[in-house]
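In: How does the following fold in three dimensions:
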Amino acid sequence: MNDKKMEAIVGRLLQTGVLAAAFAMLVGGVQYLVLHGGATPNYAKFHGVTPLTGQTILWVGVVVMIATPIVRVAFAMVAFAMERDWLYTGVSSLVLALLAYSLLA
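Out: Down below sits the predicted model:
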């Protein structure tokens with residue numbers, strides 16, 4: 001895999017992730033506002049998140065937005081390993097480990 005092909009794949013990966021996240025947030029936001037736009041929140045009672053509500057679709061969009069750069073770094077690590085560029089494979093591995101640590105800690 002040459003550098004131009006890798007750049008094109010990474011660009012398409014980022015573009016697809018951002019567009020998917022934006023679409024999910026738009027659909028979830030519109031659905032949430034249509035159903036609950038004028039409601040007053042009741043903080044005295046806990047309401048869990050149910051599947052396929054506007055709020056759930058919004059959260060899916062947020063998760064996709066967060067996952068997009070993580071997938072990009074993972075792809076770069078694999079691509080550098082395929083090219084046998086061990087310095088950049090190590091740097092990408094370190095960045096991926098730091099991203100994982102920041103999410104899990």
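In: Ramachandran coordinates for the residue lying farthest from the centre of the chain?
Out: What lies farthest from the middle of the chain is Ala44; by C-alpha atoms, centre = their mean that is 31.8 Å. Ala44 adopts backbone torsions of phi -80, psi -20, taken as degrees, to the nearest 10.
In: Tell me where the model's unsure across the protein.
Out: 47, 49 (pLDDT under 70).
In: before we move on, the earlier item: return the residues in contact with the residue farthest from the centre of the chain.
Out: Listed by C-beta atoms under 8 Å, 6 or more residues apart in numbering, the contact set of Ala44 is empty. Where C-beta positions appear, they are placed from N, C-alpha and C, glycine not excepted.
In: Give the burial count for the residue nearest to Glu83 when sequence neighbours are not counted, as a bare number.
Out: What sits nearest to Glu83 in space, not counting adjacent residues and going by C-beta to C-beta, 6 or more residues apart in numbering, is Met1, at 6.5 Å. Per other C-beta atoms under 10 Å, the neighbour tally for Met1 reads 11.
In: what's the top helix by length along the chain packed up against?
Out: Assignment by DSSP state H gives helix 3-36 as the longest helix of the chain. Secondary structure elements in contact with helix 3-36, counted by 3 or more C-beta pairs under 8 Å, 6 or more residues apart in numbering; DSSP states H and E, are helix 54-82.
In: Please compute how far the helix it packs on lies from its chain's middle.
Out: The chain centroid and the centroid of helix 54-82 are separated by 4 Å under C-alpha atoms, centre = their mean, to the nearest Å.
In: ok, then the element right after it?
Out: As assigned by DSSP states H and E, the chain's next helix or strand after helix 54-82 is helix 86-104.
In: Buried residues in that following helix, which are they?
Out: Buried residues in helix 86-104, counted by 16 or more other C-beta atoms under 10 Å: Thr89, Ser92, Ser93, Val95, Leu96.
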